[in-house]
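Undergrad: Give the three-dimensional model of this entry:
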Amino acid sequence: MLKLKEGFDLHRDAVLEILRKEASVCRMTEYSEAVDARLLNIESDGGILYSWKGATGTTRIGKYDQNTKQNKLLYTFDKQVCVSSCSLNKEETLLVSKCLTLLIEIHPINNTKVLKAVDCRVKVQFLHQDGDRKSVLESHLLLFAEDGYVDLYHVLLSKHEGYRVVMANPERLSKTAERIVEDFCWVQWDGHTQRLHYLTFKDKYLLRCVQFQPNNNCETVLELHLNLPANSFPTVKFVNLGFDHYHDKKPSRELVRMRVFTNPIGSLCVFYSQPLKDKKELIYTVVLVHKDCTKRFRVDLASDGSSQNSQQPHPLFIPIGYYVLVYLQGHFLHCINTRQQEMLCYSLFFSGHDVNSGLQCQSADISVLHAEGRPTCLLELVSGKINAVQLSSDFLLQILRSDTCSRWPGSAADPQRLAALHCLLVYMGNDPKLELKIMSWVCDNVNTIESFDLIQEFILASWYRIGYNRFLGLDKVLPFSSIFEKKEVPGCLLDVPGVCCTNGFHAEPVFKGKTRGLLHFWSELQCNTERTKSLDALMHSRYRTSHIQAEWDKLKSEKKPSSHMDHMEENAKK
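TA: Numbers count the residues shown, from 1 in each chain. So this is what the prediction gives:
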């Protein structure tokens, strides 16, 4: 189902060079001691921060630049320390590490400031400012505490001798702290878009989205109530804030797994899963803010045909374009279409022995790295390998050719073929060679599909691809499937074996502040949400050929000169 493209490899790209440098420090031909290299964080510019045990009992922090393929030593502690969180400012003049939550000057290395000395877990993350500014004498740092608050530090810098950058008035640093979040129980940081999503709970759970501007001002732009059970987060959960290898050795029980995904075209999805106590069923909910709807899925894990017991009670959520894969190893894989969500038949679902994710390691050892507008990557936590991931066109073609649908006779396999056809034509259809393969299959199977018109699906999906990239609102207007022309939809397209779907509450987001004056994404999301509500209020918002069928029949029945009718038919064909 997934095709992986090799990217960063901790051993190949960092450890081998570390061993050479340590050998040079110790004046040895070869360094054979264990360096225990660990990934710490991935910054929004793609820089990968890592630590290792150096010679003579030191702990070192380095950075790998994915553009230049070069490693750089940032700082050396003169003793063994546990670095559980780390961030580097864009100018590479300040480094924050969480051992005692230290703020460290890099150029020159002559000052260290303790920000926090607390017992609770702390995460740190620098804001990345406008890239057009060549010289910045101010850095801005977010500090996330397990006690449920987020502070924003404004770190003033000064230049000495033209190149030495040091903190100005470090003794006043604590007075610059600005409390921007109180009492959160779950928080997610999106570095590429400089967005902060967090949950608070009073009577019910409330999701808030905070946008940081290029000038480092921040504003709450969205609030959304979520229908989560009480006490869903007994301990604070951090998402996309680095990798805490020391805490993850004894992870706390995760009752609910939640992720927020955005797309530049103006879509926002919230995914969360709730495994039941007996572990025989899994419930996961999808809140499609741009579609003003909620979908609740229930999968029976006991009857999926799998003999494996999942070590991971929660699935992975893997966004790929406007699809999101929900994957529970050994049980099921659900490829959800977040743009065409009306019926299950536009999303792919596999369970039991039909699951073929393409992943090479245990899903419990995988972290999903999502950056809006960029390919999604998967990090193998044990090996330190990062692979870009995309849907496999070869696998989808196999579905069309029934190689993976053999256990479903007749029309029972049609939902899989319909979903695969739309994914190939709409999402991947810009490849001429792939389109030729699809056309060849369509020509060979025109009369074999029972529940939908294959020719109409091919034509409508191809037309839909032309306009879908630009406007989400067209999803409610453009005809994209022949299914909506049917007076009665075949039952096999309404119920997909293995998964049960129920429609939940309306999303009802509340947009705050001046969203239309903010970044393009929030104004586009608000427009899409308002447009969806308006179109939902209409009886027939989507164009259908049946709307003009009566007029067409009337024209055909009228007695016209044959040449006139022939002329009309020729124009219609054109």
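
Undergrad: from here on, contacts and neighbour counts on C-alpha atoms
TA: Will do.

Undergrad: Provide the contact partners of whatever helix or strand Tyr327 lives in at residue level.
TA: Using DSSP states H and E, Tyr327 falls within strand 323-328. Contacts to strand 323-328, defined as Cα atoms under 8 Å, 6 or more residues apart in numbering, come from residues 310, 312, 314-319, 333-338, 357, 363.

Undergrad: buried sites along it?
TA: Residues of strand 323-328 classed as buried: Tyr323, Val324, Leu325, Val326, Tyr327, Leu328 (neighbour count, 16 or more other Cα atoms under 10 Å).

Undergrad: which residues of the stretch 251-400 of the chain fall in strands?
TA: For the stretch 251-400 of the chain, the strands defined by DSSP state E, counting those that start in this stretch cover 257-263, 267-275, 281-288, 293-300, 316-320, 323-328, 332-337, 348-351, 366-369, 377-380, 385-391.

Undergrad: and the buried residues of strand 323-328 as CSV, adding pLDDT and distance to Leu424?
TA: Putting these into CSV (pLDDT from 0 to 100; distance: Cα to Cα, whole Å) gives the following:
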residue, pLDDT, distance to Leu424
Tyr323, 94, 12
Val324, 96, 15
Leu325, 95, 16
Val326, 95, 19
Tyr327, 92, 20
Leu328, 90, 24
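
Undergrad: how close does Val326 get to Ile320?
TA: Separation of Val326 from Ile320 (Cα to Cα, to the nearest Å) stands at 11 Å.

Undergrad: I meant to write Ala14 there.
TA: Remark: distance between Ala14 and Ile320 (Cα to Cα) = 28 Å.

Undergrad: Equivalent analysis for Gly7, please.
TA: In this structure, Gly7 and Ile320 are 17 Å apart, going by Cα to Cα.

Undergrad: got it, and Thr502?
TA: 24 Å.

Undergrad: ok, now Tyr284?
TA: 18 Å.

Undergrad: Also Ala364?
TA: Distance of Ala364 to Ile320, computed by Cα to Cα: 19 Å.

Undergrad: When the two are compared, which one has more neighbours?
TA: Per other Cα atoms under 10 Å, whichever of Ala364 and Ile320 has more neighbours is Ile320, with 20 against 17.

Undergrad: The more buried one pairs with what?
TA: Tyr323 (DSSP bridges).

Undergrad: what's it in contact with, if anything?
TA: Going by Cα under 8 Å, 6+ apart, Ile320 touches Pro375, Thr376, Val389, Gln390, Leu391.

Undergrad: shaky segments in the stretch 51-200 of the chain?
TA: By pLDDT under 70, the weakly predicted segments of the stretch 51-200 of the chain are 100, 107-110, 117-119, 130-136, 162-163.

Undergrad: ok, now with 80
TA: Applying pLDDT under 80 to the stretch 51-200 of the chain flags the ranges 98-102, 106-111, 115-120, 129-136, 160-165, 169-171.

Undergrad: next one: the stretch 201-350 of the chain
TA: Applying pLDDT under 80 to the stretch 201-350 of the chain flags residues 216, 245-253, 275-279, 302-313.

Undergrad: sorry, back to before: quickly check the contacts of strand 323-328 for the two that are furthest apart.
TA: By the measure Cα to Cα, Ser310 and Thr338 form the most distant pair in the contacts of strand 323-328, at 26.2 Å.

Undergrad: And the two? Which one has more around it.
TA: Higher neighbour count among Ser310 and Thr338: Thr338, with 21 against 18, using other Cα under 10 Å.

Undergrad: Quantify the burial of the nearest residue to Met428 once chain neighbours are set aside by counting its neighbouring residues.
TA: Excluding the flanking residues, the one nearest Met428 by Cα to Cα, 6 or more residues apart in numbering is Ser393, at 7.7 Å. Close neighbours of Ser393, defined as other Cα under 10 Å, add up to 17.

Undergrad: Please tell me how far Ser393 sits from Ala168.
TA: Separation of Ser393 from Ala168 (Cα to Cα): 55 Å.

Undergrad: rewinding a little: hey, what's the angle from the strand holding Tyr327 to strand 257-263? Just curious.
TA: Calculated by axes from the mean of the first three to the mean of the last three Cα atoms, to 10 degrees, strand 323-328 forms an angle of 160 degrees with strand 257-263.

Undergrad: Dump strand 323-328 to PDB, restricted to CA.
TA: What follows is strand 323-328, C-alpha atoms only, in PDB (Å, rounded to 0.1, in the frame of the first residue of the first chain):
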ATOM      1  CA  TYR A 323      -5.900  10.900   2.300                       C
ATOM      2  CA  VAL A 324      -5.200   9.800   5.900                       C
ATOM      3  CA  LEU A 325      -4.200   6.200   6.600                       C
ATOM      4  CA  VAL A 326      -5.400   4.700   9.900                       C
ATOM      5  CA  TYR A 327      -3.200   1.600  10.400                       C
ATOM      6  CA  LEU A 328      -3.300  -0.900  13.300                       C
END
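
Undergrad: how big is the angle separating it from strand 316-320?
TA: Using the same axes, to 10 degrees: strand 323-328 against strand 316-320 is 160 degrees.

Undergrad: Buried residues, stretch 499-510. List them.
TA: By 16+ other Cα under 10 Å, the buried positions in stretch 499-510 come out as Val499, Cys501, Ala507, Glu508, Pro509.

Undergrad: so where do the helices sit in the stretch 1-150 of the chain?
TA: 10, 16-25 (DSSP state H, counting those that start in this stretch).

Undergrad: got these as CSV, with mean pLDDT, distance to Ala177 and mean neighbour count columns?
TA: Conversion of those to CSV gives the following (pLDDT from 0 to 100; distance: least, Cα to Cα, whole Å; neighbours: other Cα atoms under 10 Å):
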stretch, mean pLDDT, distance to Ala177, mean neighbour count
helix 10, 95, 35, 19
helix 16-25, 88, 37, 16
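
Undergrad: among those helices, which is nearest Thr220?
TA: Closest approach to Thr220 among these is made by helix 10 (37.1 Å; Cα to Cα).

Undergrad: what's in contact with that closest one?
TA: With contact meaning Cα under 8 Å, 6+ apart, helix 10 is reached by Ala37, Leu39, Ser383, Gly384, Lys385.

Undergrad: what residues are up against the first one?
TA: Under the criterion of Cα under 8 Å, 6+ apart, the neighbours of Ala37 are Leu10, Val15, Tyr50, Ser51, Trp52, Lys53.
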